[in-house]
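J.: Can you look at this prediction? I've put the sequence above it.
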Amino acid sequence: MGSSRPVDGGRILIAGALLIAAALTSCVRRPPVLVPPSCGVEAVEGFGSASVAGVDAAIKGKFGFVFRRPGLGRVEAFDPIGRTAFLIFFRDGRAWFVLPGKKAYAEDAADIMMERFLGVALLPGDAVRLLSGTWTAGGEGDGESGWSVEADEKGRAARGSSGAFAFTVREFFPGGAVPREIGLAGPGTSGRVKVLKLGFNPAPRPEIFDVAFLRAYAATTWEGMLELLER
């Protein structure tokens, strides 16, 4: 894994809503028909909302995301007036949680950072499979991080588990097997993610995953990051 988990469970505590531009709300009114391309899905990009609650996590808000196989990802959450509240970068099995307003960041293993954000330890490649509806149901060890995935009566990947973590697709987009709402569960945590807008195989933009700018930021521990978030 490359890093040990913090004593407090390593999850983020954020109060209040994280909102993006009001124009995005139009995406919710009529869900589009979404069918992944027959050539396969290497990346997904879009917007979603998360509502996660538990002993160590309380997150509610909207965010933009890009995930590209095998291990690249970027999540951006916004404050009520549209400014970036925080960023999470994923690459090569590592992740960086960044507070632009504080010019600070914390680094850890990719799955641990995803658990802090959503309460479920997913790797970027698994996020691509899940969000695109292309995760093949199968036995133990399916996917990058050892997830076991089950299909529903229509053959769609509908449930998955990995140790104490689990997901259940509550609703699909019209047209096939692309999840629209996903229930999440982890140790002491439960919640959901709703996909508001989704695109497949966006043009490669390696610069959006570049973390070289963090040379000008201060590195801190996760405990230090939690203190910054509480200020």
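T.: Yep, that arrived. Values in this document were obtained by computation on a predicted structure and should not be read as measured data.
J.: Who's the closest spatial neighbour of Pro70, skipping the chain neighbours?
T.: Spatially, and ignoring its direct neighbours in sequence, Pro70 is nearest to Gly125 (4.8 Å; C-beta to C-beta, 6 or more residues apart in numbering). (Each C-beta comes from the backbone N, C-alpha and C, glycine too.)
J.: how about the one you found, secondary structure?
T.: For Gly125, the assignment made with DSSP: H, G, I helix; E, B strand; the rest coil gives helix.
J.: Does it touch Gly73 like I think?
T.: No. Gly125 lies out of contact with Gly73 (C-beta atoms under 8 Å); the separation is 9.1 Å.
J.: any idea which residue of the protein is furthest from its center?
T.: Largest separation from the mean C-alpha position in the chain: Glu153, at 26.6 Å (C-alpha atoms, centre = their mean).
J.: pretty sure that residue is in a strand, no?
T.: No. Counting by three-state DSSP, one finds Glu153 to be coil, located in no strand.
J.: Point out where the protein drops to low pLDDT.
T.: Residues of the chain that meet the criterion pLDDT under 70 lie in 1-29, 54-58, 138-145.
J.: so where do the helices sit in it?
T.: 26-29, 110-118, 124-132, 222-230 (DSSP state H).
J.: Let's have those in a markdown table, adding distance to Phe86.
T.: A markdown table is the format used below for these (distance: least, C-beta to C-beta, whole Å):
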| stretch | distance to Phe86 |
| --- | --- |
| helix 26-29 | 22 |
| helix 110-118 | 9 |
| helix 124-132 | 17 |
| helix 222-230 | 8 |
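J.: wait, which of those helices is closest to Gly64?
T.: Among the helices of the chain, the nearest to Gly64 by C-beta to C-beta is helix 26-29 (12.0 Å).
J.: and Tyr217, how far is that from Ser148?
T.: 38 Å (C-beta to C-beta, to the nearest Å).
J.: if we can go back for a sec, got the phi/psi numbers for the residue farthest from the centre of the chain?
T.: With angles defined as degrees, to the nearest 10, Glu153 sits at phi -70, psi -20.
J.: so how many other residues sit close to Arg74?
T.: Arg74 has 21 neighbouring residues, counting by other C-beta atoms under 10 Å.
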